[in-house]
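Visitor: sequence plus the predicted model coming up.
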Amino acid sequence: MTDKPCNPTQTTCGEHSRTIVSRRDFLKLGSAAVVTITLPKYLRKVGLPTTFQANLAQYERQAIARLSQLKPNEPVAFNYPWDDSASANFLIMLNEPAGGGIGPDQNVVAFNSFCTHQGGPLNGQFQGDKGIAGPCPLHWTTFDLTRHGMVISGHATQGLPQILLELEGDDIVATGVMGLIFGYVDNKENPAG
């Protein structure tokens with residue numbers, strides 16, 4: 001009995017049986033295996049979790065302004081959590097409610113004043129009537145202040161760090177920072193200390 005040469009597109013050939021895997025299928029299967037093995041345990045379950053923990057750092061409470069003195073769309077500058085140039089922030093009363101907003105209309109928010117891409121200054125780059133910070137003078141990134149400072153367009157891949165606020169009577173109090181401030185390795189460590 002003679003063995004006939006096998007056709008590479010067939011999975012059986014005479015008495016011999018073999019499985020043919022194309023290069024594309026091999027790469028797909030191999031990639032899926034690598035991704036599955038390297039995923040954190042909580043993502044290996046069926047579906048993804050519905051909530052994620054935000055990168056949040058809490059500090060001493062600091063009164064930064066009075067609600068009664070704010071004017072719509074006019075930013076107020078302040079430093080928090082540290083007294084260094086990278087901790088320059090702005091507080092603004094928008095025309096609409098915002099994520100993390102305080103006050104009767106939930107429209108008072110605060111953010112760090114530097115673009116998260118390369119630290120371009122956003123001072124004076126506000127379109128409060130539209131709820132936008134930017135464009136950054138370096139690479140034109142804009143941020144949505146009504147949605148926790150998320151990137152609208154440009155090179156930045158992270159939203160603006162949002163300063164967490166609380167209202168105590170008429171006093172606006174900063175209590176923490178959500179997101180990493182540009183130029184810091186860790187928000188929890190005082191850069192001067």
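Guide: Thanks, I have the structure now.

Visitor: quick one, domains of this protein?
Guide: Using automatic domain parsing, the domain parsing of the chain gives 12-44, 56-178.

Visitor: just name the most buried of those domains.
Guide: Of all these, domain 56-178 has the most neighbours on average by mean count of other CB atoms under 10 Å, namely a mean of 18. All C-beta spots, glycine's among them, are computed from the backbone N, C-alpha and C.

Visitor: circling back: mind putting the domains of the chain into TSV with distance to D186 and mean pLDDT?
Guide: As requested, the domains of the chain are exported to TSV (distance: least, CB to CB, whole Å; pLDDT from 0 to 100):
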stretch	distance to D186	mean pLDDT
domain 12-44	21	69
domain 56-178	8	91
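
Visitor: for those, give me a markdown table that also has distance to N190.
Guide: A markdown table is the format used below for the domains of the chain (distance: least, CB to CB, whole Å):
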| stretch | distance to N190 |
| --- | --- |
| domain 12-44 | 31 |
| domain 56-178 | 5 |
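
Visitor: the ones you listed: which one's closest to Y184?
Guide: Across the domains of the chain, Y184 has its closest neighbour in domain 56-178 (6.4 Å, CB to CB).

Visitor: now do the helices in the protein.
Guide: 23-38, 41-44 (DSSP state H).

Visitor: mind listing what I172 touches?
Guide: Going by CB atoms under 8 Å, 6 or more residues apart in numbering, I172 touches 63-67, 70, 91, 102, 108, 165-166.
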